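**Q** What would the 3D arrangement of this be:
(chains A, B, C and D)
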There are 4 protein chains.
Amino acid sequence: MAGKTLKSELGWSTVDRITVRGKDLPGEILGHLNLGDMAFLELAGRVPSAGESKIFNAMVVTLVEHGITPSAIVARMTYLGAPEALQAAVAGGLLGLGSVFVGSMEGVARILSEAVANGKNASTVLAENKRMPGLGHPIHKPLDPRSVRLFEIARETGHYGKYCRLMEEIAKTRGITLNATGAIGALACELGLDWKIVKGLGVMARAIGLVGHILEETREPMAQEIWERVDEEASAHLKSKK
Amino acid sequence: MAGKTLKSELGWSTVDRITVRGKDLPGEILGHLNLGDMAFLELAGRVPSAGESKIFNAMVVTLVEHGITPSAIVARMTYLGAPEALQAAVAGGLLGLGSVFVGSMEGVARILSEAVANGKNASTVLAENKRMPGLGHPIHKPLDPRSVRLFEIARETGHYGKYCRLMEEIAKTRGITLNATGAIGALACELGLDWKIVKGLGVMARAIGLVGHILEETREPMAQEIWERVDEEASAHLKSKK
Amino acid sequence: MAGKTLKSELGWSTVDRITVRGKDLPGEILGHLNLGDMAFLELAGRVPSAGESKIFNAMVVTLVEHGITPSAIVARMTYLGAPEALQAAVAGGLLGLGSVFVGSMEGVARILSEAVANGKNASTVLAENKRMPGLGHPIHKPLDPRSVRLFEIARETGHYGKYCRLMEEIAKTRGITLNATGAIGALACELGLDWKIVKGLGVMARAIGLVGHILEETREPMAQEIWERVDEEASAHLKSKK
Amino acid sequence: MAGKTLKSELGWSTVDRITVRGKDLPGEILGHLNLGDMAFLELAGRVPSAGESKIFNAMVVTLVEHGITPSAIVARMTYLGAPEALQAAVAGGLLGLGSVFVGSMEGVARILSEAVANGKNASTVLAENKRMPGLGHPIHKPLDPRSVRLFEIARETGHYGKYCRLMEEIAKTRGITLNATGAIGALACELGLDWKIVKGLGVMARAIGLVGHILEETREPMAQEIWERVDEEASAHLKSKK
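**A** Numbering: from 1, shown residues only, chains lettered A, B, ... in the order given. Here you go, the predicted structure:
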């Protein structure tokens, strides 16, 4: 039972005080920080400046709602069976945010931070990463309007720096769309966020969007209908053999 | 394969446009709405006013970080085994936000909206709900400083109305602390949010906080140590019998 | 740091021994108990008799595979986004096993154990439970062939007792199919299992089935196609307005 | 809406028949197959022989219960907050079965199947895989009694073949314990299971064990006590600064 001492700096309470990240929650946070600022405080350990607040909020807002994704279908299907456990429906929807979708943001941040630290240029990065994440989009070509807008806000707030520049060079060199996850991965580096947590930006944002999908499912349900259609079609070849 | 037509109003895209809730994402949302405003847009279907933005952001910000909770321990323990799947660690942490903890907010919103619709007073509500949610706190007595501050912001923004009043009367009648989930449940009613989705405020907020805990776990780990201590203690009586 | 002492009886190890539920895992369990017997050992704290083994295995086997359910769709959709985290795809599929589907088994076990303990008959049980779980089936009418077979095995192994009898009377009184969850709920009572854990029979069984669905998804994928169809249909009315 | 046709071979039903993997569930499966056999049917598409049944059941039974693991702590902590959603507690416990713990079984199966297909020997495999999975154990040295017993059953049932032999050579060459995940990974290859699904053996088995932990938590709780201890210790350094 010796071992190391457990420690956390995130939050603690006494009878009349609640402190989060060293700040008094009621007095210094509530009414002063918006939800994106609070996320920044959690991840950076400090309150963002006005410029950081603007670009960081834009980054996470971008990731909230993508319409009918596998995540949204999962959340709705889960809610169909367990409406008493909304938290499980949201959690279910988050589980698919793995290497295929949201993971690209993390990859971009990891590659760019390593590349800038070692003075690599676009060609070197591409030579080392045949499957460079953050590039290409099935719909938005040649430009992803989210990347354009995010870099516009970044320039306005003074956060368009070497990571954004390198990412744009990479996309140009490859001759392919710089998608939103590429832009956000680069911006996460500009803000000094640890690449290991960059996927978390997508996870927290999507949790918000999934609550929206569950609300819509209570009003305009689709889960039962999807289930019935898929079940009927998928077993049709077996039933006909009977 | 007839059935109903599937429909969603949340978001859709074409080559050069991305629309969320009827708004152009790059042009009308990014740089204009903060993350809390975006959540409000998802749940209310419209952009919040300045006052709504202030009170709604304060409500969800309150729920982001509660220090070392079972949720936080779960997220850290899950990350220990699957560091490649940060989304699963966050999802794991959300799964325990059930009837015991965050569920009280939903209960408050449901009871208050029904009570106000039927003109019930505090005594009637308490007679009907022996275990009225939103009351009492193990640490914060007699006042929960978060409730005090949230109602202060509510007054300032014109959102302290009949639901807040009824909830305060309920707490006074019972002679017990009005805790933060009670205040937020009442405020959700003031903002016209559907009680069925009120637990979702806690779920989305905590997703943000859990990313913060995972980041701290990468720097100041505790999961391995907790595991070893618990394992050793829990099987000590069996090993000694050997 | 005082508090209660943590204790678990489930399993422990030393350099050369591994003990589960008081039995030597390599010597007394491996090669001797099948997977259903092992589940029985976990839940009942003892090795099942031959008869108990037969009926318990049949109960859980019944619950493994139900074709294309919301659970199966969720597991496949989650695997689409995070193929590196198979455990998350299975977990996602389990999350919807709530009050609507698998929960009925738990309800049956709870109601029957309380009724038998208090000498209630079918009419009284039905009067007290307007929405009696375990009754009715959308396809299997008037008989659910699984219930018929499970009760046949129960008679053969000496486990058709007062709980099964009461459940059959309840179905007859209501004039409706006794479905498989009703039969399994009754049989769980016959075996003396705690009703609070009865939903767990469905959860463990479905975990097996979901691994089967994920395997099929790697060979005959459907998740991507479902996603594309739903997305296209659900936003068609918005795009046409453009 | 064209696209590919959705198809599943796993199961389907009509009014009076329920078919799973081409077999009549009530007539050919219930009372005939135990739970491990049913899992084999799901993964191999056929009923196991007597020998296959014995070794496969032993493999999955090995993985059911490992005492107090991070998974078990997570399931208990989740149940503390959401006792109404047992499925979420089990799912939560599964989420950490990632690369660090259960993932090694998958790695072993992948490496061995590739090595045997290409005629590689132990030295080549070790040269290619510096961090060879399936080797070493913190407690069981020099032998893991589970591996010894599993290979004994394998010999008895005629399933000790080239994959087991290669894995034992690998352990001998490295001079380190062949642990249970190494043995099971090799045996999965002997049975012809797809390595992509081998992690699923651990996931399904652990789902059973986690239900056992939740049952024990209802009788001998530890989650609340763990929470209180960790919370107190982790914030002690902050409170003392006050």
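**Q** Enumerate the residues of chain A near chain D.
**A** Applying CB under 8 Å from any CB of the partner chain, one finds that chain A approaches chain D through A:5-9, A:11-12, A:14, A:19, A:82, A:84-85, A:87-88, A:91, A:95, A:230, A:233-235, A:237-239, A:242. Where C-beta positions appear, they are placed from N, C-alpha and C, glycine not excepted.
**Q** Can you tell me which of those residues are buried?
**A** Of the members of these, the ones counted as buried by neighbours, 16 or more other CB atoms under 10 Å in any protein chain shown, are A:6-9, A:11-12, A:19, A:82, A:84-85, A:87-88, A:91, A:95, A:230, A:233-235, A:238.
**Q** Cross those against helices and list the overlap.
**A** Helix and strand membership here follows DSSP state H; of those, those in helices are A:Q87, A:A88, A:A91, A:V230, A:E233, A:A234, A:S235, A:L238.
**Q** tell me the centre residue of chain A?
**A** Using CA atoms, centre = their mean, the residue of chain A that lies closest to the mean C-alpha position is A:G202, 1.2 Å off.
**Q** how close does that residue get to A:V61?
**A** Per CB to CB, to the nearest Å, A:G202 is found 12 Å from A:V61.
**Q** And A:K130, by the same measure?
**A** Plainly put, A:K130 is 32 Å away from A:V61 if you go by CB to CB.
**Q** Have a look at these two and say which one is more surrounded.
**A** Counted by other CB atoms under 10 Å in any protein chain shown, A:K130 and A:V61 do not tie: A:V61 has more neighbours, with 28 against 6.
**Q** OK, contacts around the more buried one?
**A** With contact set as CB atoms under 8 Å, 6 or more residues apart in numbering or on different chains, A:V61 has these partners: A:G36, A:A205, B:I29, B:L30, B:L33, B:N34, B:L35, B:M38.
**Q** what about the nearest residue to it once chain neighbours are set aside, how many neighbours?
**A** Nearest non-adjacent residue to A:V61, counting by CB to CB, 6 or more residues apart in numbering or on different chains: B:M38, 4.6 Å away. Close neighbours of B:M38, defined as other CB under 10 Å, add up to 32.
**Q** Which strand or helix spans the residue nearest to the centre of chain A?
**A** Assigning secondary structure by DSSP states H and E places A:G202 in helix A:199-219.
**Q** Packing partners of that helix?
**A** Packed against helix A:199-219, as judged by 3 or more CB pairs under 8 Å, 6 or more residues apart in numbering or on different chains; DSSP states H and E, are the following elements: helix A:50-62, helix A:70-81, helix A:86-94, helix A:103-117, helix A:180-190, helix B:35-44, helix B:86-94, helix B:199-219.
**Q** Can you pull out the low-pLDDT segments for chain A?
**A** Chain A contains residues with pLDDT under 70 at A:1-2, A:240-242.
**Q** Show me which residues of it are close to chain C?
**A** Chain A comes close to chain C at residues A:67-71, A:73-74, A:77-85, A:88-89, A:91-92, A:95-102, A:222-223, A:226-227, A:230-231, A:234-235, as judged by CB under 8 Å from any CB.
**Q** Just the buried residues of those residues.
**A** Restricting the residues of chain A next to chain C to buried positions leaves A:67-71, A:73-74, A:77-85, A:88-89, A:91-92, A:95-99, A:101-102, A:222-223, A:226-227, A:230-231, A:234-235, with burial counted as 16+ other CB under 10 Å.
**Q** mind listing what's buried in stretch A:126-142?
**A** Residues of stretch A:126-142 classed as buried under the neighbour-count rule (16+ other CB under 10 Å) are A:L126, A:M132, A:P133, A:G134, A:L135, A:G136, A:H137, A:H140.
**Q** List the residues that contact the second one.
**A** For A:M132, the contact set (CB under 8 Å, 6+ apart) comprises A:I111, A:V125, A:L126, A:I170, A:R174.
**Q** Pipe these into JSON lines and attach distance to C:G185 and secondary structure per row.
**A** As requested, those are exported to JSON lines (distance: CB to CB, whole Å; DSSP: H, G, I helix; E, B strand; the rest coil):
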{"residue": "A:I111", "distance to C:G185": "54", "secondary structure": "helix"}
{"residue": "A:V125", "distance to C:G185": "60", "secondary structure": "helix"}
{"residue": "A:L126", "distance to C:G185": "60", "secondary structure": "helix"}
{"residue": "A:I170", "distance to C:G185": "59", "secondary structure": "helix"}
{"residue": "A:R174", "distance to C:G185": "59", "secondary structure": "helix"}
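**Q** neighbour-wise, which of the residues you listed leads?
**A** Neighbour count (other CB under 10 Å) singles out A:I170 as the most crowded of these, with 26 neighbours.
**Q** Not counting residues beside it along the chain, what's closest to that one?
**A** Once chain neighbours are set aside, the closest to A:I170 by CB to CB, 6+ apart is A:A122, at 4.6 Å.
**Q** ok, how many other residues are close to that neighbour?
**A** As a burial measure, the neighbour count of A:A122 was computed by other CB under 10 Å and equals 19.
**Q** where does it fall, phi/psi-wise?
**A** Main-chain torsions, A:A122, degrees, to the nearest 10: phi -60, psi -40.
**Q** Repeat that for A:I226.
**A** Dihedral angles of A:I226 (phi, psi; degrees, to the nearest 10) stand at phi -60, psi -50.
**Q** Quick check: it touching B:K4?
**A** No. Counting by CB atoms under 8 Å, no contact exists between A:I226 and B:K4, whose distance comes to 10.4 Å.
**Q** So which residues make contact with the strand or helix carrying A:C164?
**A** The secondary structure element spanning A:C164 is helix A:162-174 (assigned by DSSP H and E). By CB under 8 Å, 6+ apart, the surrounding residues in contact with helix A:162-174 are A:108, A:112-113, A:115-116, A:121-123, A:125-126, A:132, A:134-135, A:151, A:154, A:177-178, A:182-183, A:185-187, A:189-190.
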